[in-house]
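S.K.: Predicted model, plus sequence, below.
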Amino acid sequence: MKTVKTTFEIEQRLHTRLKAMAGRLGVNARDLLVEGLELVLAKYDGESDRDELAARAQAARQRLRAGYFDGPADLSETYESRLLVAAEPPHKYGP
């Protein structure tokens with residue numbers, strides 16, 4: 001795996017906490033920084049996915065509303081009439 005060396009400044013208090021945490025966990029500070037970087041990247045990489053899902057959900061809600069309001073005026077009446085027809089006993093033919 002190819003690596004790149006980078007330098008950045010952090011506050012002394014963060015550096016102190018970083019070194020202390022690394023010591024408690026038995027790892028080096030670099031390992032914690034890389035883990036943190038991976039977590040941050042994963043968090044923000046997923047943002048575009050969440051935005052797309054939210055837009056798709058909104059569009060689906062609009063389609064559902066449009067379908068609901070374009071349907072029969074009284075859905076309960078249609079539903080009840082279907083239930084009544086289904087519940088009727090079969091007709092007996094013959095004398």
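M.R.: It's in.

S.K.: What separation is there between residue 20 and residue 27?
M.R.: For residue 20, the distance to residue 27 under the criterion CB to CB, to the nearest Å works out to 12 Å. Every residue, glycine included, has its C-beta placed from N, CA and C.

S.K.: Likewise for residue 7?
M.R.: From residue 7 over to residue 27 the distance is 20 Å, taken as CB to CB.

S.K.: what ranges do the helices span in this protein?
M.R.: Along the chain, counting by DSSP state H, helices occupy 12-25, 29-70, 75-87.

S.K.: Now tabulate the ones you listed in a markdown table and tack on distance to residue 2.
M.R.: Below are the helices of the chain laid out as a markdown table (distance: least, CB to CB, whole Å):
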| stretch | distance to residue 2 |
| --- | --- |
| helix 12-25 | 24 |
| helix 29-70 | 14 |
| helix 75-87 | 63 |
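
S.K.: Kindly present these as TSV, with separate columns for mean neighbour count and distance to residue 1.
M.R.: Conversion of the helices of the chain to TSV gives the following (neighbours: other CB atoms under 10 Å; distance: least, CB to CB, whole Å):
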stretch	mean neighbour count	distance to residue 1
helix 12-25	11	21
helix 29-70	10	11
helix 75-87	9	60
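
S.K.: Tell me how far residue 15 lies from residue 9.
M.R.: When CB to CB is the yardstick, residue 15 and residue 9 sit 9 Å from each other.

S.K.: swap in residue 66?
M.R.: Spatial separation of residue 66 from residue 9 under the definition CB to CB is 55 Å.

S.K.: So for residue 19, what's the pLDDT?
M.R.: Reading off the per-residue confidence, residue 19 sits at a pLDDT of 94.

S.K.: Check the helices of the chain for me: which has the lowest mean pLDDT.
M.R.: helix 75-87 (a mean of 59).
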